[in-house]
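Visitor: Just the structure for this:
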Amino acid sequence: MLEMTAAAARRAAVAAQGFTDRRPASPATRRRVLATVDRTGLLQIDSVSVAVRAHYMPVFSRIGGYDRDLLDAAAWRDSATKPRALVEYWAHEAALIPVADWPLMRWRMRRYEGGRWAGERRVLDRNPTLGKDVLDVVTEVGPSSAGEVERHLQIDSTGERGPWWGRSDTKVICEQLFASGALSVDRRVGFVRHYDLADRVLPAEVAARDVPEPDAIRELIRRAGRALGVATAADLRDYHRLSVAQATPAIADLVDDGALVPVTVRGWDAPAYLAAGARVPRRAAGTALLCPFDPLVFFRPRTERVFGFRYRIEIYTPAHKRVHGYYVFPFLHRGELVGRVDIKADRAADALRVPAAFTEDGRHRGEVAETLAVELRSMATWLGLSDVVVGDRGDLAEDLAAAV
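Guide: Modelled structure (predicted):
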């Protein structure tokens with residue numbers, strides 16, 4: 001069996017995610033943005049916008065400043081000259097995926113026809129005709145938010161709110177129809193989903209294509225392997241949230257086909273697989289700020305195994321119990337996670353605020369501060385903010401403030 005050092009595995013993981021590629025010197029094009037998404041396979045969507053929406057940041061982390069409208073247009077606009085290239089669905093979590101990958105999720109859509117979770121099933125049970133009513137409205141009027149559907153149905157939802165983030169039954173049904181593949185997201189307005197029939201959002205050939213579940217799982221595992229470089233079975237499963245029962249035969253098939261090569265990584269506590277053709281650079285490289293939902297770090301056990309970096313998001317932790325901050329970005333430098341910073345975009349003050357900054361044990365604060373300052377300035381410019389303001393929390397704060 002092939003054996004790798006932990007350092008080589010780390011270099012392969014960073015390279016697979018595109019961090020060792022040279023950033024474009026000129027403004028990024030739509031093609032470059034989409035090539036970046038193709039590299040990661042998905043962009044996780046999250047509602048937190050304290051710094052920047054989660055789906056925008058991984059592209060910036062890999063190619064630097066780009067026009068976010070390029071990503072918006074690829075996901076939420078469609079024209080003859082620039083057809084929709086990305087579509088929303090449940091991949092890792094809620095995510096943007098390439099349009100062509102929609103059929104790979106049909107097995108999941110079928111499982112969600114009766115509701116994605118218990119709360120949805122209860123809403124379906126007490127509203128047996130609401131799903132048809134929603135589809136009738138969307139069929140007739142086109143892309144609609146849940147609120148617009150309610151108004152067409154003349155539903156008063158003021159007393160109907162459930163415990164699921166205050167969603168009305170109509171919103172829950174819209175989400176269930178989205179999960180089951182009957183509806184898709186045509187566009188977002190103020191980050192609010194506007195649903196349309198999936199057959200009208202997707203190209204006809206994509207909407208009509210059905211991939212048997214075993215074939216789809218095999219392809220999803222293959223893509224996860226390509227995106228991760230080297231990975232354990234748990235890493236491969238997590239990328240698209242697959243079960244052990246689904247992934248185990250798929251991994252075995254891909255090993256037989258030579259798409260995955262079994263490897264032993266020194267210091268790892270589980271067998272691993274190297275994707276065929278994966279690059280293993282001789283030198284560590286890659287410098288970037290990473291949002292909490294970046295594919296390089298979104299599976300926390302892998303982050304700890306690959307980088308020795310224990311990472312927990314503290315959004316839901318009471319302020320007085322937070323260790324590092326509210327919305328903390330790991331900092332990748334020379335292919336290793338060397339620090340972390342709490343970041344907030346303060347539009348009113350025209351500043352990117354860094355309330356807290358920390359180095360990892362054994363890292364040189366001066367070097368981390370200098371390189372991190374450059375990345376923070378770049379991020380502020382990308383977000384249209386004039387200043388970077390560093391607070392006083394954390395062992396790196398003083399050096400970072402001086403470097404900024």
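
Visitor: can we go C-alpha only for contacts and neighbour counts from here?
Guide: Fine.

Visitor: didn't Arg300 look like it was pressed against Tyr311?
Guide: Yes. Counting by CA atoms under 8 Å, Tyr311 is a contact partner of Arg300 at 6.4 Å.

Visitor: can you map out the strands along the stretch 51-200 of the chain?
Guide: Ranges of strands within the stretch 51-200 of the chain are 86-90, 94-98, 183-189, 192-197, based on DSSP state E, counting those that start in this stretch.

Visitor: could you check the angle strand 86-90 makes with the last one?
Guide: In terms of direction (axes from the mean of the first three to the mean of the last three CA atoms, to 10 degrees), strand 192-197 departs from strand 86-90 by 100 degrees.

Visitor: Now the residue positioned nearest the centre of the chain: closest residue in space, sequence neighbours ignored.
Guide: By CA atoms, centre = their mean, the chain has its centre lying nearest to Gln44, at 2.1 Å. Nearest residue to Gln44, sequence neighbours excluded (CA to CA, 6 or more residues apart in numbering): Ala95, at 4.2 Å.

Visitor: list the contacts for the one you found?
Guide: 42-45, 55, 88-89 (CA atoms under 8 Å, 6 or more residues apart in numbering).

Visitor: so which two of those are the farthest from each other?
Guide: Across these, the longest distance by CA to CA is 13.0 Å; it joins His55 and Tyr89.

Visitor: Which neighbours do the two have in common?
Guide: Joint contacts of His55 and Tyr89 (CA under 8 Å, 6+ apart) are 95-96.

Visitor: who's more crowded, those two?
Guide: Ranked by neighbour count (other CA atoms under 10 Å), His55 and Tyr89 place Tyr89 first, with 26 against 22.

Visitor: Thought Ala179 was touching that one, still the case?
Guide: Yes. Assessed by CA under 8 Å, Tyr89 is found in contact with Ala179 at 7.2 Å.

Visitor: any residues in contact with both of those two?
Guide: Residues touching both Tyr89 and Ala179 (CA under 8 Å, 6+ apart): there are none.

Visitor: Distance from the lowest-mean-pLDDT helix or strand in the chain to the middle of the chain?
Guide: Counting by mean pLDDT, DSSP states H and E, the chain has its least confident helix or strand at helix 118-126, which shows a mean of 86. How far helix 118-126 lies from its chain's middle: 28 Å, per CA atoms, centre = their mean, to the nearest Å.

Visitor: And stretch 27-40, by the same measure?
Guide: For stretch 27-40, the distance to the chain centre is 15 Å (CA atoms, centre = their mean).

Visitor: ditto for stretch 274-287
Guide: 21 Å.

Visitor: Extract the CA atoms of it and return them as CSV.
Guide: C-alpha atoms of stretch 274-287 as CSV (Å, rounded to 0.1, in the frame of the first residue of the first chain):
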residue,chain,number,x,y,z
LEU,A,274,-5.7,9.3,-2.9
ALA,A,275,-7.6,10.5,-6.0
ALA,A,276,-6.1,9.3,-9.2
GLY,A,277,-4.2,12.2,-10.8
ALA,A,278,-4.1,14.2,-7.6
ARG,A,279,-1.1,16.6,-7.3
VAL,A,280,1.2,16.3,-4.4
PRO,A,281,3.3,19.4,-4.5
ARG,A,282,6.9,19.2,-3.2
ARG,A,283,6.5,22.5,-1.4
ALA,A,284,3.8,23.8,0.8
ALA,A,285,1.9,26.7,-0.7
GLY,A,286,-1.4,28.6,-0.4
THR,A,287,-2.3,31.7,1.5
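
Visitor: Identify each buried residue in it, please.
Guide: Buried residues in stretch 274-287, counted by 16 or more other CA atoms under 10 Å: 274-276, 278-281, 284-287.

Visitor: got it, and stretch 213-230?
Guide: 213, 216-230.

Visitor: Next one: Leu2 relative to Gly147, how far apart?
Guide: Separation of Leu2 from Gly147 (CA to CA, to the nearest Å): 56 Å.

Visitor: Next: Phe293.
Guide: Relative to Gly147, and taking CA to CA, Phe293 is found at 28 Å.

Visitor: So for those two, which sits in the more crowded spot?
Guide: A count of neighbours by other CA under 10 Å puts Phe293 above the other of Phe293 and Gly147, at 21 against 16.

Visitor: who touches that one in this structure?
Guide: Shown in contact with Phe293 (CA under 8 Å, 6+ apart): 44, 54.

Visitor: What helix or strand is it located in?
Guide: Counting by DSSP states H and E, no helix or strand carries Phe293.

Visitor: Same question for Glu205.
Guide: Here Glu205, judged by DSSP H and E, is contained in helix 204-208.

Visitor: Tell me the buried residues in stretch 317-334?
Guide: The neighbour-count check on stretch 317-334 (16+ other CA under 10 Å) flags 324-334 as buried.

Visitor: now the nearest residue to Leu337 once chain neighbours are set aside: how far from Val87?
Guide: Leaving out its chain neighbours, the residue that sits closest to Leu337 by CA to CA, 6+ apart is Phe331, at 5.5 Å. The gap separating Phe331 from Val87 is 29 Å, by CA to CA.

Visitor: Phi and psi next, for Val388.
Guide: The phi/psi pair for Val388 (degrees, to the nearest 10) reads phi -120, psi 120.

Visitor: That one: neighbour count?
Guide: Val388: 22 neighbours (other CA under 10 Å).

Visitor: Tell me the confidence at the nearest residue to it once chain neighbours are set aside?
Guide: The shortest distance from Val388 to any non-neighbouring residue, by CA to CA, 6+ apart, is to Leu352 (4.8 Å). Looking at Leu352, its pLDDT reads 98.

Visitor: Which strand or helix spans Leu352?
Guide: According to DSSP H and E, Leu352 maps onto strand 351-359.

Visitor: Many thanks, have a good one.
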